[in-house]
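Novice: sequence plus predicted model, see below.
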Amino acid sequence: MVNSFKRLMMILFIGYMAVSLSGCLFCSMSGKIFRSSISYDDPLPSSQDQEPEPPSYPYPIGLIILAITGQIAVGSMLGLDGLFPVNYQDVCSAEFAREFISQVGLLGVFIYALIDPVVIQVPNDVTNLTATYDGGAGKQGSLIVAEGLQSVPITPTQSLVPEPGHHLVLMSFPDLPGLIPGAGADKQWYGINIQAEAESLRDIDIKVICTGKVEKDGTTYYVPLMPAVTDFAQVPAVTIPSSTAMQEITIPTPAQMPDTPGTVTYDFNYKLFYPHIAANTNWETETCVINTSSTQTLTGTLKAYNNSGTLVDSKAVTLAPHARSSYTVGTDFTTPQNIGYMILESDSPDMVGYMKFYVDTRYRGAIPAASQINSGEVYVSHIASNTNWWTGISLLNTTDASKTLTITFDNGQTRDVTLAANEHKVLSIKSLFGGTPQPGIKSAVITNTSGIVGLELFGSNAASANSYLSGVLLRDVTA
């Protein structure tokens, strides 16, 4: 049975939410709307009354929202320069966030300001979402809703993806004159109703990330601002209860919000990742890049790093339209034995490539270069670890912070792997079990992989008398 109900975004209510059920579940929200491309300086209303004026804060409201999860660094590549009229890297400190929250309360932040667009994660059976707004005085209409999404682009190299069993909904206000007040204008309050269908009427968990919209080279990106994380697993859920009576909706406390200390930086350079290089006495690696544009020349730099993330070599790359270039690492680089991975940085998105691994006279296999950094959990869809086969995993941490990944195998066993900032590690499945092959293990899931790029290789053991080698990228999507 499909039940119709109305839902509320996470940025909703102080205290109690009116919930009634007589064929449908109804929720509503009132709050200010702050588009991420607009600065707004109006004083916040008090949580005690409908519209009184508490002390004014000398910072744009959108900026204050950012302060909840730490600083947001915006460079020239981001395209958001001048988004706020103050140096918000100085303002958005943890101390300022705590002071603001202590004055207004975290729930006050949630009710009184909404940064759109918002990305909402909902269960797969929650569909047919529609949303309307009502600000009075003729300011009524429908929100823009895109649902059923399996990814939302954050930067050219990273996307938001839903957790298993969920899909994403992208929701924003239409671009209509006067809908969103500019700086210094009178405040505008809106009531928002969201309606959807689900296969069963029940308590439903949703997760919400407020984003900033960035346009670059004809593509729209949605940069996470609150919370400033790229993995929905880090976002606390809000449970929308199914009830015939009034229910309190619990909003995450500051302690439950993701901790992103320091500065969060979003990189809008175009990159191609070669997350594993093996050039030594046994192995050789060929890397390739192709310019897919029919009209534009591709220029960039192919940077080679050791396993610790230190730059050890680089090459300038210039390719005419539809041209191709390849490098044999063992002969084209000065110290190939020191190279653990490579990254091609370019001014153009029109590039693809591959890595070819081989042992002369025995076997060889090619894997596409990675154009996307993982955001969600990563699937190791095939593992063969026995007397005939070996499976190797290569993991690259592209972030500036240490990460501990958890590998959960299909037999229930787990192993943790810690990667320092920009570190690359190579491991075999049997090395995770004291050097013993694991014929009973067929697959795995790796969690806490936001910012990780990787691949796996399958090869035949010498004792098998076969010469097989293949591999795949490790991705947070399965198709």
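Specialist: Arrived safely. Numbering: from 1, shown residues only.

Novice: which parts of the stretch 351-479 of the chain are strands?
Specialist: Taking DSSP state E, counting those that start in this stretch as the test, the strands found in the stretch 351-479 of the chain are 351-359, 363-368, 378-380, 389-397, 403-409, 414-419, 424-428, 444-447, 452-460, 469-474.

Novice: V312 is in contact with T335, isn't it?
Specialist: Yes. In this structure, V312 is within contact of T335 by C-beta atoms under 8 Å, at 6.1 Å. For the C-beta atoms, the positions are set from N, CA and C on the backbone; glycine is no exception.

Novice: comparing these two, which residue is more hemmed in?
Specialist: Between V312 and T335, counted using other C-beta atoms under 10 Å, the more crowded position is V312 (16 against 11).

Novice: surely that one forms part of a strand?
Specialist: Yes. The secondary structure assignment for V312 places it in a strand, going by DSSP: H, G, I helix; E, B strand; the rest coil.

Novice: counting neighbours, what do you get for T253?
Specialist: Applying other C-beta under 10 Å, we find 11 residues neighbouring T253.

Novice: for L455, same thing?
Specialist: Quick note: L455 (other C-beta under 10 Å) scores 24 neighbours.

Novice: how near is it to Y222?
Specialist: From L455 over to Y222 the distance is 27 Å, taken as C-beta to C-beta, to the nearest Å.

Novice: now T447
Specialist: When distance is defined by C-beta to C-beta, T447 is 23 Å away from Y222.

Novice: give me the more crowded residue out of those two.
Specialist: Under the criterion of other C-beta under 10 Å, the comparison of T447 against Y222 puts Y222 first, with 23 against 16.

Novice: thinking the more buried one is in contact with E215, fair?
Specialist: No. Because the distance of 10.9 Å does not satisfy C-beta under 8 Å, Y222 is recorded as not touching E215.

Novice: for the protein, which segments count as helices?
Specialist: Here the chain has its helices, by DSSP state H, at 61-66, 88-91, 94-104, 106-112, 329-332.

Novice: show me where the chain dips below the pLDDT cut-off.
Specialist: Within the chain, the ranges that satisfy pLDDT under 70 run 1-116, 180-188, 246-247, 254, 259-263, 478-479.

Novice: select the longest strand from it.
Specialist: Once the chain is assigned using DSSP state E, the strand that runs over the most residues is strand 204-216.

Novice: export that strand as CSV, just CAs?
Specialist: Extracted as CSV, the C-alpha positions of strand 204-216 are listed here (Å, rounded to 0.1, in the frame of the first residue of the first chain):
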residue,chain,number,x,y,z
ILE,A,204,11.2,7.7,8.4
ASP,A,205,14.8,8.9,8.7
ILE,A,206,16.1,11.6,6.5
LYS,A,207,19.5,13.4,6.2
VAL,A,208,20.1,16.8,4.9
ILE,A,209,23.1,18.7,3.6
CYS,A,210,22.8,22.4,2.7
THR,A,211,25.0,23.3,-0.2
GLY,A,212,26.3,26.2,-2.3
LYS,A,213,25.7,26.2,-6.0
VAL,A,214,28.8,26.6,-8.2
GLU,A,215,28.9,27.0,-12.0
LYS,A,216,32.0,26.0,-13.9
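
Novice: list the buried residues for it?
Specialist: Buried residues in strand 204-216, defined by neighbour count with 16 or more other C-beta atoms under 10 Å: I204, I206, K207, V208, I209, C210, T211, G212, K213, V214.

Novice: these two touch, right, L179 and K139?
Specialist: Yes. In this structure, L179 sits in contact with K139. The criterion is C-beta under 8 Å, and the distance is 6.5 Å.

Novice: coming back round to it: the strands of the stretch 351-479 of the chain: which one's closest to L319?
Specialist: L319 sits nearest to strand 351-359 of all the strands of the stretch 351-479 of the chain, at 8.1 Å, using C-beta to C-beta.

Novice: centre-most residue in the protein?
Specialist: In the chain, the C-alpha closest to the average C-alpha coordinate belongs to T230, at a distance of 2.9 Å (C-alpha atoms, centre = their mean).

Novice: I'd say that one and I154 touch.
Specialist: Yes. Counting by C-beta under 8 Å, T230 sits close enough to I154 to count as a contact (6.0 Å).

Novice: what touches both of the two?
Specialist: Shared between the contact lists of T230 and I154 (criterion: C-beta atoms under 8 Å, 6 or more residues apart in numbering) are residues L160, P224, S375.

Novice: any chance of these in TSV, plus neighbour count and distance to T404?
Specialist: Converted to TSV, the shared contacts of T230 and I154 look like this (neighbours: other C-beta atoms under 10 Å; distance: C-beta to C-beta, whole Å):
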residue	neighbour count	distance to T404
L160	25	22
P224	26	21
S375	26	17
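
Novice: roughly how far does H167 sit from A245?
Specialist: Note on H167: its distance to A245, by C-beta to C-beta, is 30 Å.

Novice: who has more neighbours, these two?
Specialist: Residue environment comparison for H167 versus A245 gives the larger neighbour count to H167, 19 against 8, counting by other C-beta under 10 Å.

Novice: ok, D134 - contacts?
Specialist: D134 sits in contact with Q140, Y190, G191, I192, N193, where contact means C-beta under 8 Å, 6+ apart.

Novice: what about the residues you listed, which are in strands?
Specialist: Checking these against DSSP E, those in strands are Q140, Y190, G191, I192, N193.

Novice: just the buried residues out of those residues, in ChimeraX syntax.
Specialist: To isolate the buried ones among those in ChimeraX, judged by 16+ other C-beta under 10 Å, type:
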select :190,192,193
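
Novice: ok, the ones in strands among the contacts of D134 vs E286, which is closest?
Specialist: Distances from E286 to the ones in strands among the contacts of D134, taken as C-beta to C-beta, are shortest for I192 (54.3 Å).

Novice: close enough to count as contact, that closest one and Q140?
Specialist: No. I192 sits out of contact with Q140 when judged by C-beta under 8 Å, with a separation of 11.1 Å.

Novice: hey, what's in contact with both of those two?
Specialist: With C-beta under 8 Å, 6+ apart, I192 and Q140 have common neighbours T132, Y133, D134.

Novice: so the second one makes contact with F173?
Specialist: Yes. The pair Y133 and F173 passes the contact test of C-beta under 8 Å, sitting 6.9 Å apart.

Novice: spit out the contact partners of Y305.
Specialist: Counting by C-beta under 8 Å, 6+ apart, Y305 touches L311, V312, I339, G340, Y341, M342, I343, N422, H424.

Novice: which residues touch the second one?
Specialist: In this case it means V312. V312 makes contacts with A304, Y305, N306, T335, N338, I339, as judged by C-beta under 8 Å, 6+ apart.

Novice: and the spatially closest residue to S443 that is not a sequence neighbour, how far is that from P275?
Specialist: Taking C-beta to C-beta, 6 or more residues apart in numbering as the measure, S443 lies nearest to D410, with 4.8 Å between them; neighbours along the chain are not counted. Counting by C-beta to C-beta, the gap between D410 and P275 amounts to 24 Å.
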